[in-house]
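In: Need the 3D shape of this:
(one chain, ligands or ions: 3)
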Amino acid sequence: MDDMHGRLRAFVLVTCCLGTTAFGVVLGGSDLSQAREHLPLYAVLGVLVLLAELWPITVSRGDMRDEITVSSTFALALTLVGPLWLAMAVLAASLVAAELRSWHGAAKLGFNVAQHLVTLVSCQLVFCGLTGVEVLGAQPLLLPEQLPAALAAGFVFFTVNNCLAGAAAALAAGEPVLAHLRADLRFQVTTAGLLLTFAPVVAAAAAVTLWLVPLLLLPVVAIHRSAQLAADRQHEALHDPLTDLPNRSLFSMRVARACREGGRFAVLLVDLDHFKEINDTLGHNIGDELLGVLANRLTANLRPGDVVARLGGDEFAVLTADLDGPQAAMDVARRLLAALDEAFTVEDVRLDVQASLGIAMYPEHGDRMDLLLRRADIALYAAKVERGSWRMYDSTGDVHTPERLALAAELRDGLDRGELFLEYQPQLEVETERVVGFEALVRWQHPRHGRLMPDDFLPVVENTGLIGPLTLCVLDLALAAVARWRADGWDVTVAVNLSVRHLTDLGLPLRVSTLLDKHAVPPSALVLEVTETLIMNDPVRAVDVLALLRTLGVGLAVDDFGTGYSSLAYLRQLDIDELKIDKSFLENLGDDDNDGVIVRSTIELGHNLGLRIVAEGVEDDAALRLLRSWDCDVVQGYLFSRPLPSAAVLPWLAGQAAVGAVAPC
Ligand code: C2E
Ligand code: CA
Ligand code: CA
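Out: Ligands and ions are numbered 1, 2, ... in the order given. The predicted structure follows:
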């Protein structure tokens, strides 16, 4: 890197020395009074050089815009018919004037001027060498026989100028010089190259009458217009008309180019959470204006090289390059969300906007444009579940298919609209075959997809903040149900499943206690089920939360026992009441000795630790018989009942009582 910049510095320095020396030598050796002789001609050409430099032609170049000027044409014409020192002075002054309008630094200006001075001297040397004209003299007429020499001078102008500028650009970008020149050649030949061939025409016309020279401006104006039109059309095709930000096509091209160039960068997708409501309630005008201000705020919070695009609707995208690592991308995400957190004022209306953001990193999450965009989208969906948050793409989560993530994002509304409901699966005491409780199992009546089972939506929700509201909803429904059953005279418990987040949430016990009070249910009628993997995730915190729940007096069960890594010895420290043997051990209980041994020894060990043992997934009599012979306490499974809709529980209990399988308390 340092080496590259060292070479660039040396190159700029040498060019500047050459340019200054050439100008000094030419100025020193010239008779400056020559300029007076054909002053009107030189004045007209000089003004044209200046105007052309100040009024560059915008051209489209791939997905970018570039600028070219016709000043070289007039400067070359002035070199052909005027004194060299004058052409050099005029071009240098014009370059300075143009640079003053958009300052890029003294080094750049110095190089630019020097490069053009060296170019002018080179082409004058070739022209004079071929025609015998005096190098430092002036010949106001371009003779017809000098035309080939003039064209050769144009060729030299093109070559020297492009080589010097191209080499500097390549060194600055750290690219091989020749490759850079080759890549740029087509564009330069078809723009600057073609315009240079115009120089002999200007010089020849000036020889006929000076009045012809301004007329030559007309084709230049035409070139300006058509180039501008083409550039405008291309701009329209690649930009969003509302915010003037790059659109999806241009953004994709930029990401694709960043992939080709390598380095480390991130794609961030930003999506507003409630834009539809704003549009619907306040009207599209305010919605549109909001998008405009929002686009500005996004841009203002990024670095100059970053690309912000509007992909459509309320979705924006950011390409941020030269990152040290994922941490830097996360910092950008936090900065952007914080910036959007501040209220917007649109037409005197104060608007609070919340956005979600998904990040995908190159090369970690994909080395192709389409892959990166898709993965950023998946991360965005994951973020949308919580709203107002950001997520980095997580490749470990197979559950994060876009469909599932979309579903998770809809869950919040589902909760608000009461689309979640519970089914209850009976649990029977083995010894008496009496119903002792029900496990509450959540379902979602989705407006489009119909009835969804927990496996369809819980895995994606599990790691988000939405699992909290979901569990509270389940607890509320389950406690209301058990209160009804108990009021009807059934001494039963209800079991509710907890998720990973709850065991690190020290506020959970208080919320459970509040809900127990609300439904006037004794704590002993509630069992909370946690999986052993859950406990092992953060054992220290889990012990605290479980201890707090314990002091409330609610029952605690370890669910899916046998599928994780915890040992019974470890579970002993947790002060739990119940072990639920996972249903996978029950499937082949009759035929598989191993499973039988595991179940049997678990029951024994569990009993030694004073735990009640529940076997889940009991589907046939054979399994029940074995479990009974091993002294299992409670069973649950399709053999007795599938999970029942809430309204079916009391009739089912009544039916069981009729056949003597259950006794009201
Ligand atoms: P789980 O806690 O192990 O629940 C038992 C699952 O086994 C239920 O599936 C139940 O319908 C099924 N099952 C019951 N008896 C039998 C049987 O004899 N044979 C077979 N093959 N399956 C049986 P479901 O309702 O689909 O629930 C799946 C999982 O979703 C549950 O596993 C639990 O981990 C989770 N879940 C359900 N409701 C909630 C909830 O409210 N909150 C949380 N956090 N998780 C829940
Ligand atoms: Ca369970
Ligand atoms: Ca289970």
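In: Pretty sure Gly437 is one of the things Val492 touches, is it not?
Out: Yes - under the criterion of C-beta atoms under 8 Å, Val492 makes contact with Gly437 at 5.1 Å. In this view, the C-beta of every residue, glycine as well, is placed from N, C-alpha and C.
In: the more surrounded of those two?
Out: Remark: of Val492 and Gly437, Gly437 carries more neighbours, 27 against 23, as counted by other C-beta atoms under 10 Å.
In: buried ones in the stretch of helix or strand that one belongs to?
Out: Assigned by DSSP states H and E, Gly437 belongs to strand 435-446. For strand 435-446, a neighbour-count test (16 or more other C-beta atoms under 10 Å) marks Val435, Val436, Gly437, Phe438, Glu439, Ala440, Leu441, Val442, Arg443, Trp444, His446 as buried.
In: Show residues contacting the host helix or strand of Ile613.
Out: Assignment of secondary structure by DSSP H and E places Ile613 within strand 612-616. Residues outside strand 612-616 that contact it (C-beta atoms under 8 Å, 6 or more residues apart in numbering): 427, 557, 577-583, 586, 599, 602-603, 606-607, 623, 627, 632-637.
In: For the following helix or strand past the strand holding Gly437, which strands pair with it and how are they oriented?
Out: Using DSSP H and E, the helix or strand that follows strand 435-446 towards the C-terminus is strand 450-452. In the sheet, strand 450-452 lines up against strand 435-446 (antiparallel) (DSSP bridges).
In: Output the strand it pairs with as CSV - backbone C-alpha positions only.
Out: Extracted C-alpha coordinates of strand 435-446, given in CSV (Å, rounded to 0.1, in the frame of the first residue of the first chain):
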residue,chain,number,x,y,z
VAL,A,435,-56.3,-37.4,34.8
VAL,A,436,-53.9,-35.2,36.8
GLY,A,437,-53.2,-32.4,34.3
PHE,A,438,-53.1,-31.1,30.8
GLU,A,439,-50.2,-29.8,28.8
ALA,A,440,-51.0,-26.6,26.9
LEU,A,441,-49.8,-26.7,23.3
VAL,A,442,-49.9,-23.6,21.2
ARG,A,443,-51.5,-23.3,17.7
TRP,A,444,-51.9,-20.4,15.3
GLN,A,445,-55.0,-20.0,13.2
HIS,A,446,-53.3,-18.0,10.4
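In: quick one: is it near ligand 2?
Out: No - counting by C-beta under 5 Å from the ion, no contacts exist between strand 435-446 and ligand 2, the nearest distance being 5.6 Å.
In: Work out the gap between that strand and the centre of the chain.
Out: Taking C-alpha atoms, centre = their mean, to the nearest Å, the mean C-alpha location of strand 435-446 is offset from the chain mean by 39 Å.
In: Run the contact check for it versus ligand 3.
Out: No - Strand 435-446 lies out of reach of ligand 3 by C-beta under 5 Å from the ion, never closer than 8.3 Å.
In: Please tabulate the buried residues of strand 435-446 in a markdown table, including the columns distance to Ala149 and pLDDT.
Out: Listed next are the buried residues of strand 435-446 as a markdown table, based on distance: C-beta to C-beta, whole Å; pLDDT from 0 to 100:
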| residue | distance to Ala149 | pLDDT |
| --- | --- | --- |
| Val435 | 109 | 95 |
| Val436 | 109 | 96 |
| Gly437 | 104 | 97 |
| Phe438 | 102 | 98 |
| Glu439 | 98 | 98 |
| Ala440 | 96 | 98 |
| Leu441 | 93 | 98 |
| Val442 | 89 | 97 |
| Arg443 | 89 | 97 |
| Trp444 | 84 | 95 |
| His446 | 82 | 93 |
